[in-house]
Every structure is written in C-alpha cells, then in structure tokens.
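> please work out how this folds:
(chains A and B)
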Amino acid sequence: MKKPDLEHIVQDYVYRSSAKELLTQSAQQDGSILKMRTMLRAIASVLLIVATASLVWKWAHESPSLDSLIAAHEMPALESSRGADYIDQQAEAYRAGNYAKIIREAPAQLKSQRDAYYRAHLLFKTEDYEGFDSLHEQRTISDPEYKSELEKLYYLSAFAQNLGSEELKRRFELMTIRSQKQFK
Amino acid sequence: MTDLSIYQDLLAGGQAHDRALSLLFRHDTYREGVLATIRSKGLNQAEAYELWTEVVIEFGSLVRRKKYQESGTMLAFLKNIARFKALNYLRDRRSKEKLGLEDYQLENLTIKEEDLGSLELAQIIDGMLGRLGETCKSVLSLWSRGYSMKEIQEQLKLISEAATRKRKHNCMKKLLSNVEESKEMQDLLKLHYFDQ
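Got it, this is the predicted structure:
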C-alpha cells in the first residue's frame, strides 16, 4: 500500500469527530422533538378526556335531546339529568295529574334552579302551601323569570293559607315592582 | 431523497453535506435495514444503534475521500460497512476469542479494510482536537465537512477570510505536530496505515 499522506489521514479523523458531533446534535434534536411530541400527545389526551367528560356531563345535565323531550311533553321535569325513562314516567304522571308522585319521586335537593322552580310550582298545584313556602324560603332562586313567578305564588300562598294582612303585606313587599304592579 | 442526491450533497460539502448526513442518519429505510444487519450478527438494539452512527460517519468519510463506488445500492454499501463494524465490535468485545475477520467475506466487496477508520485513532484525535481550543476545533471541524473559508468566517464571526485561512493552517499544523509527537498515535498509524 502506498504510504498515505499523514495530513489526509488526520483530516479524515477530524471529519469523523466533526460528523459524530453533528449526528449527536441531530439525535438530541430528534430526542427533543420526540419529547415534545410525547408531551403534546399527553396534553392532547388530557384535553380529549376533559372534553369527553365535559360532553358527557353536559349531555347528562343539559342534554338538548332531554330538553326537547321535556318540551315535547309540555311538562316540567324534575331532575332532567336522570334520563329519558324517568322523564317519560314523569310525563305520564303529569298528564294523569299525579303531581304528588312527581314530587315524591324527585329528590328533595334539586341542583338546577329550573327543577327547584318546577318542584315549587307542583307543590303549589297540589296545594301543599307549607311545602311550597318552605322550599321558597330555603332555596335561593336568582333566575329573574323563576324568581318573579315564585314571588307571585308565594304571595298567593299566603292568601290560600289565610295568613293575615301583615304576612300578605310582607310578601307583597318581597315582590318585584313589576309583579306588584300586576297585582295592583 | 435518492441515493444520488445524498451522495452528491455529501460530496458537495458545507451545509448540503450536513443536511444530507443528518437525513441519512434519520432515514427509516436505511437505518432499519442496517440495524437489522447488525442485529443479525448477535448485537442488541442499543449496540446496533451505536454502530449505526459509526456506519453513517464511515460512509460520509468514504464519500468525502471518494472511496465510495456506486456499483450497487447505497443500502447494500451501508450494510457492508455495518457487517464490518459489527464483526470488529464483536472481535473487540471478545478479544480473547478467535473471531477473525479473515473468515468473513464482505459481500460485493466494494470497501477495502484499510479504507475503514480505526476507533482508537478517532478517539485520540478527538481528544487532541478538544485540547486545541474551541475556535481551532470549530474551524477544523467545519473545514473537514467541506465548508468554504468564507462560510467558516461568517459562522464563527472571524475577522476575515484570510485570517480564517491562516487560523485553519495554524490549527492543522498544531494538530499534526501533536499527532507526530504522540507515541501512541504513531504506533496506531503504523499498525493501520504504514505497515501494510
């Protein structure tokens, strides 16, 4: 073999050292990209789980299909989150005028304001004025529409129970100005 | 990316070289083919991956020295290098065992053993480069990968092209002088290059 030039040999080894450094950097970059991808995948998975859970939660509580079912039945549904079967049973009881059954089977503590409103409404319908008053006094209803309606019923409940002028006056003053005008 | 484009870019040097070498290193087809060849020699995945880096570097070096012959596919050539590297690795690992390369026939013999580098020499020169200082190391590294003096000057923010050339000359001179003064290096050079 012809004696190779030492400079060329050394240059070749400089190249090898340099190329190794380049590939190490490249592998590290790949590693970082891989780590980043793994992290993004993990974040995406968490987001997906959260999104799925929130969708299920939303479906269970504010499902448009349940809402439309309630609307189709033209009836109030206590605890609409309990599903279509429960609403069907409630609808049947509602049509039969069996309000007491609806109230009895619905839980005492209703999370949604709408459900609490319907419960109060049904209590009034079944002439359970004490139950109505108790619910109205314990439960804070902030929704203006429900609030206004319940305040009127609360006033009428005092009439029905013959609670006297002082109580009537007190309940009248609790009503909104607009509701008061309607009674005047 | 084709065999030809990799070859041409490696030969062109500079940024094209770096891009081609990195692409080759990350290329699934080449990598998986070579890793399978190495594993078939009894090496595990981690060892195979380590040798894959060596194979790519060896290939780059052969192309730069114009020792690569395009007689077959690039993958076949890479596999040839890989077989050699794997057997060398096993021979080092089981140094007491007789597992000589003389029993082994490289398929489609396109590489001469003397054209393939020595790991020991590479390690020593690597150490010497490190001791030259950061600028010297960078200048020589870029130059060896085919960067022009102007590109090196721009990348390392040196004063001028002429100054960069002078710097490279001095660094190389210093490195060569270190190599010549090292007895270990001289012995290895004799063993690998001058005694044949």
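> quick one: contacts of stretch B:127-143?
A:14, A:17-18, A:21, B:151-152, B:155-156, B:164, B:167-168, B:170-172, B:174-175, B:178-179, B:182 (CB atoms under 8 Å, 6 or more residues apart in numbering or on different chains). In short, each C-beta sits where N, CA and C put it, glycine included.
> make a PyMOL selection of whichever of the residues you listed turn out to be buried.
PyMOL command restricting the contacts of stretch B:127-143 to the buried ones, with burial defined by 16 or more other CB atoms under 10 Å in any protein chain shown:
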select buried, (chain A and resi 14+17+18) or (chain B and resi 151+152+164+167+168+171+172+174+175+178+179+182)
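> take the contacts of stretch B:127-143 and keep only those in helices.
Counted as lying in helices by DSSP state H, out of the contacts of stretch B:127-143, are A:14, A:17-18, A:21, B:151-152, B:155-156, B:164, B:167-168, B:170-172, B:174-175, B:178-179.
> state the number of residues packed around A:D88.
Residues lying near A:D88 (other CB atoms under 10 Å in any protein chain shown) number 13.
> in which helix or strand does it reside?
Taking DSSP states H and E as the definition, A:D88 sits inside helix A:84-95.
> how about A:A120?
Taking DSSP H and E as the definition, one finds A:A120 inside helix A:113-125.
> ok, which stretches of chain B are helices?
B:3-12, B:14-26, B:28-39, B:45-64, B:74-93, B:119-131, B:134-144, B:149-156, B:161-181, B:183-189.
> the inter-axis angle of the fifth one versus helix B:119-131?
In this case it means helix B:74-93. 90 degrees (axes from the mean of the first three to the mean of the last three CA atoms, to 10 degrees).
> what about helix B:74-93, near chain A?
No: Helix B:74-93 stays clear of chain A (CB under 8 Å from any CB of the partner chain), getting no nearer than 12.9 Å.
> buried ones in that helix?
B:74-75, B:77-90.
> neighbours of B:V34, how many?
Residues near B:V34, counting by other CB under 10 Å: 27.
> which ones are touching the residue nearest to it when sequence neighbours are not counted?
Nearest residue to B:V34, sequence neighbours excluded (CB to CB, 6 or more residues apart in numbering or on different chains): B:A82, at 4.7 Å. Going by CB under 8 Å, 6+ apart, B:A82 touches B:34, B:37-38, B:51-52, B:55.
> dump these into CSV; add distance to A:G164 as well.
Output for the contacts of B:A82, formatted as CSV (distance: CB to CB, whole Å):
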residue, distance to A:G164
B:V34, 98
B:T37, 101
B:I38, 99
B:L51, 99
B:W52, 95
B:V55, 100
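> in CSV: those, plus pLDDT.
Below are these laid out as CSV (pLDDT from 0 to 100):
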residue, pLDDT
B:V34, 91
B:T37, 89
B:I38, 89
B:L51, 89
B:W52, 91
B:V55, 91
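> for those, which one is nearest chain A?
B:W52 (9.4 Å; CB to the nearest CB).
> list the residues that contact the closest one.
B:25, B:31, B:34-35, B:38, B:82.
> farthest pair in those residues?
The most widely separated members of the contacts of B:W52 are B:F25 and B:I38, with 14.7 Å between them, by CB to CB.
> neighbour count: these two, which is higher?
B:I38 (25 against 22).
> the more buried one against B:T53, yeah?
No: assessed by CB atoms under 8 Å, B:I38 is found out of contact with B:T53, at 11.3 Å.
> point out where the chain drops to low pLDDT.
Answering for chain A, as no chain was given. In the predicted model, chain A carries pLDDT under 70 at residues A:1-4, A:56-83, A:108-109, A:178, A:181-184.
> hmm, no, I was thinking of chain B.
Judged by pLDDT under 70, the stretches of chain B that qualify are B:70, B:94-115, B:194-196.
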